[in-house]
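# pasted the sequence and its predicted model underneath.
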Amino acid sequence: MSVLEIRDLHVSVGEGNDAKEILRGVDLTVRSGETHAIMGPNGSGKSTLAYSIAGHPKYTITGGTVTLDGEDVLAMTVDERARAGLFLAMQYPVEVPGVSVSNFLRTAATAIRGEAPKLRTWVKDVKSEMSGLEMDPAFAERNVNEGFSGGEKKRHEILQMRLLKPRIAILDETDSGLDVDALRVVSEGVNRSREDSDVGVLLITHYTRILRYIKPDFVHVFVNGKVVDEGGRELADKLEDEGYAAYVADSKETAKA
Amino acid sequence: MSAPDNTLASELFAPGVGAQAGPPTTPADGTGVAPGAHSHGGPAPTGSPAERFTSTDPDAFGVPTGREETWRFTPMKRMRALLDGAPSDARLTWTTDLPEGVELTSVPAGHPLLEGLPEPADRLAALTRARSNGATVLRVAKEAQLDRPVTLGLAGTGSDEVVWGQLVVEVGAFAKATVVLDHSGLAKYSGGVSVLVGDGAQVTLVSVQDWAPGAVHGGQYDAVVGRDATFKQVVVTLGGDLVRLVSNVQYAGPGGSVDLFGVYFADETQHQEHRLWVDHAVPNCRSNVLYKGALQGEDARTVWIGDVRIRPTATGTETYELNRNLVLTDGARADSVPNLEIETGEIVGAGHASATGRFDDEQLFYLCSRGIDAETARRLVVRGFFADVVQLIGLPALQDRLMGTIEARLGALPGLEDQPVEVA
């Protein structure tokens, strides 16, 4: 049983006079086995939240806390966070020329587990997960994300989630740029993890489309750097019908006031 | 000049093809500065680029100041001891492994074999030829199939005196041979290496520069590739303070195929310079160049110059060259200058590419976000970057050793663990 707790998190980008506050006091708790959807318009700070939890150096934490089972996540290096059980499926995964997918996956698994996985079972696991995500086996010999299509990148992210078995997984706009088939394959991968482990999921999305495949337990509406509304699955349906207009108008009025 | 009369050409190459199939030379002008080797600069009434100046007389080149095209990237101060050209009897310590079918001997100055070699293309190469007082000759009998590579371990002894050395590798027709020159230790060394690849022969020359810190190495490698012969050169430059290697290729007959591969890894204050010159003057030959370099640390410096010329007579030529550089830290600089001169349209293909990239914070973040620590991440990237060239050597034991050396160098980066991603 794991708990990711985010309390009054403030985050800015830029230095000195150029510094701009993006997150303005985020409160959120994700427990094992729960799936939380964070929904919000473009520019609301959803991705900043994801990258701040993962420890991207571009973002400066100016206030608040993030803990995983009571441990101070913000004091950890990026790799320590991953080894503590956090995983971020990125919206724009980076190309790493010269490093093959298979070498990368095995190195990552070795780092996360603290020992090299046994070769025979490892190869079997990778093959079976790749086939579950409808990925060609030849994929393993390609360089990480190099020349991957949008769909291939996202499948590769979820493949990592399957193999690294995180305690808390943050999926940053994993649905963006996917056609219906790819969306289904990727969602099924996430659902397998929800079924065969007690992973807690923080699903960040702009659209409700992916929520038809991955049913959230909680929905949070994120506007202007903070959570402005919370509810169950029905809140997503409301957003589907009405969009973010009501929340965005609210926040503008608040800003004027 | 006419092709010199010597027995070598008739032994190695088809009748009527001289070893000196390359460009005719142009006399030095009054200032002693070599005429421009590039197309730009200097009158060229024929529409063809100026010929590259070559000579066996060091003084014909004048003393370079560092402003010349061929020297402008080189730190002249650190090169000075070599360019001063003081005679010396100092030698490297040789450790040899000679398989059957190989003969290691020497010839005195003035021997016809030396007269037939491609001429030096800069002052240092001319000095090397003159000061070496003859040459060491490695002969591989025609049609010999060596059961293992020839290894020449050349170790510096730490002497302050410049070591001059000229090696001729002469491989008979249809022979198959791999020769490894393994440089180590501390030396100021200027070495000429001429490789005469007989008709139909297959030759691999590996030159490893695994020098101790402080070593200076200047070298000119000349390959003359016979009809339907194959020549592969792999240059691996890791150690030393300054390494400057010039590799020239010319074809003695049609159907020759050449691969020039290289990897280099420059650390703090190291200067590594690789200059290539492939002269396509006969039809239906092929050349392929792949050089990859990584740099880390303050004032790490690499230079790669890749000149390829396809003369009007070289129809059916196929050539490609690629240089990639990976800058691992701030304060390092990689220069990359590919240059392709095409004087006939009747070719199979010609191209070049050059790219210099950084191992950037985003790549580091991505790998670290999967639990991989920063040092391992860097190793992973550099290992992958180099491995595809190193494996082209084809000698697993040597490949493992070189990859080990490269990884050890990466591990030596100070304080990596203390500064994982706070680079911004």
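Nice, thanks for sending it over. Numbering: from 1, shown residues only, chains lettered A, B, ... in the order given.
# same question for stretch B:388-405, mean pLDDT?
Averaged over stretch B:388-405, pLDDT sits at 92.
# and the end-to-end length of it?
End-to-end distance of stretch B:388-405 (C-alpha to C-alpha, to the nearest Å): 16 Å.
# next one: it to chain centre, how far?
Its chain's average C-alpha position is 18 Å from that of stretch B:388-405, according to C-alpha atoms, centre = their mean, to the nearest Å.
# now the strands for the stretch 151-257 of chain A?
A:168-172, A:200-205, A:218-223, A:226-231 (DSSP state E, counting those that start in this stretch).
# show me what contacts A:E5?
Going by C-beta atoms under 8 Å, 6 or more residues apart in numbering or on different chains, A:E5 touches A:28-29, A:65-68. (Each C-beta comes from the backbone N, C-alpha and C, glycine too.)
# before we move on, which element is it in?
Secondary-structure assignment from DSSP states H and E places A:E5 in strand A:3-13.
# quick check: neighbours of the next helix or strand after that strand in the sheet, parallel or antiparallel?
Under the assignment DSSP H and E, the closest C-terminal helix or strand after strand A:3-13 is strand A:20-31. Applying DSSP bridges to the sheet, strand A:20-31 is found paired with strand A:3-13 (antiparallel).
# pLDDT weak spots in chain B?
B:1-48, B:411-424 (pLDDT under 70).
# re earlier: in JSON lines, list the strands of the stretch 151-257 of chain A along with distance to B:D182, mean neighbour count and mean pLDDT.
Converted to JSON lines, the strands of the stretch 151-257 of chain A look like this (distance: least, C-beta to C-beta, whole Å; neighbours: other C-beta atoms under 10 Å in any protein chain shown; pLDDT from 0 to 100):
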{"stretch": "strand A:168-172", "distance to B:D182": "50", "mean neighbour count": "26", "mean pLDDT": "98"}
{"stretch": "strand A:200-205", "distance to B:D182": "55", "mean neighbour count": "25", "mean pLDDT": "97"}
{"stretch": "strand A:218-223", "distance to B:D182": "61", "mean neighbour count": "23", "mean pLDDT": "96"}
{"stretch": "strand A:226-231", "distance to B:D182": "64", "mean neighbour count": "17", "mean pLDDT": "96"}
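# for chain B, find the nearest of these.
strand A:168-172 (10.2 Å; C-beta to the nearest C-beta).
# how distant is the closest one from the center of its chain?
3 Å.
# same question, stretch A:9-19
Per C-alpha atoms, centre = their mean, the centroid offset for stretch A:9-19 relative to its chain is 22 Å.
# which SSE is the residue of the stretch 1-150 of chain B found nearest chain A in?
In the stretch 1-150 of chain B, the residue that lies nearest chain A is B:F73 (26.1 Å; C-beta to the nearest C-beta). Assessed by DSSP H and E, B:F73 sits outside every helix and strand.
# taking the stretch 51-200 of chain A, what residue is nearest to chain B?
Distance from chain B to each residue of the stretch 51-200 of chain A (C-beta to the nearest C-beta) is smallest for A:G98, at 3.0 Å.
# count the neighbours of that residue for me.
Per other C-beta atoms under 10 Å in any protein chain shown, the neighbour tally for A:G98 reads 21.
# pretty sure it contacts B:D388?
Yes: applying C-beta atoms under 8 Å as the test, A:G98 and B:D388 come out as touching, 7.4 Å apart.
# pLDDT score assigned to the residue of the stretch 51-200 of chain A closest to chain B?
77.
# now do A:R212
The model's pLDDT for A:R212 equals 93.
# picking that back up, so who does the residue of the stretch 51-200 of chain A closest to chain B touch?
Per C-beta under 8 Å, 6+ apart, neighbours of A:G98: A:143, B:381-385, B:387-388.
# of these, buried ones?
Listed as buried from the contacts of A:G98 are A:143, B:381-385, B:387; burial here means 16 or more other C-beta atoms under 10 Å in any protein chain shown.
# now, those that are in strands?
A:N143 (DSSP state E).
# and what about the residue of the stretch 151-300 of chain B found nearest chain A, helix, strand or coil?
Nearest to chain A, among the residues of the stretch 151-300 of chain B, is B:K292, at 9.3 Å (C-beta to the nearest C-beta). Classification of B:K292 using DSSP: H, G, I helix; E, B strand; the rest coil returns strand.
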